[in-house]
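> Sequence first, predicted model second:
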Amino acid sequence: MAVIQVEQKFITQINVFTVEPANQQSLIDRLQEAAEFASRIPGWVSASIHRSLDGTRVVNYAQSKDIESAQRIIDALRKAGFLDRNAQFGEAHPGLYEVAVTLGS
């Protein structure tokens with residue numbers, strides 16, 4: 001489960017994909033497979049996949065324990081071909097982040 005707390009110091013990869021509406025579910029299915037693969041790599045914490053209501057975007061929110069874990073996971077996904085495969089369904093716009101502020105209950 002995703003943990004969004006400043007105190008955790010997790011690294012979050014937020015990847016916004018631009019997709020054709022016809023490819024949205026296919027990309028979600030591929031991202032779920034990639035997350036299941038990544039979940040077996042040390043340092044993996046969670047993954048959450050979001051779809052836009054207009055069908056043109058998919059957001060993958062994946063957490064790792066630290067920057068080294070994040071890089072290890074990205075490298076393993078690349079080596080296993082997941083990143084190239086995902087590119088067939090949409091254009092990726094990835095970035096690594098840390099939580100700066102949280103509000104709410």
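That came in fine, so what should we check first?

> Which residues outside stretch 19-32 are in contact with it?
17, 47, 49, 51-52, 54-58, 60, 82, 85-86, 89-91 (CB atoms under 8 Å, 6 or more residues apart in numbering). C-beta: built from backbone N, CA, C; applies to glycine.

> cool, and stretch 1-9?
Contacts for stretch 1-9 (CB under 8 Å, 6+ apart): Phe10, Val45, Ser46, Ser48, Tyr61, Gln63, Asp66, Glu98, Val99, Ala100, Val101, Thr102.

> need the contact list for the last one.
Think Thr102. Thr102 neighbours (CB under 8 Å, 6+ apart): Ile4, Gln5, Val6.

> Among these, find me the one that's closest to Glu36.
Closest approach between the contacts of Thr102 and Glu36, by CB to CB: Ile4, at 21.6 Å.

> In terms of pLDDT, where does that closest one sit?
Looking at Ile4, its pLDDT is 82.

> what about it, neighbour count?
Neighbour count for Ile4, taken as other CB atoms under 10 Å: 14.

> Could you confirm it falls within a strand?
No - the secondary structure assignment for Ile4 gives coil rather than a strand, going by DSSP: H, G, I helix; E, B strand; the rest coil.

> Now it, what are its backbone angles?
phi -120, psi 90 (degrees, to the nearest 10).
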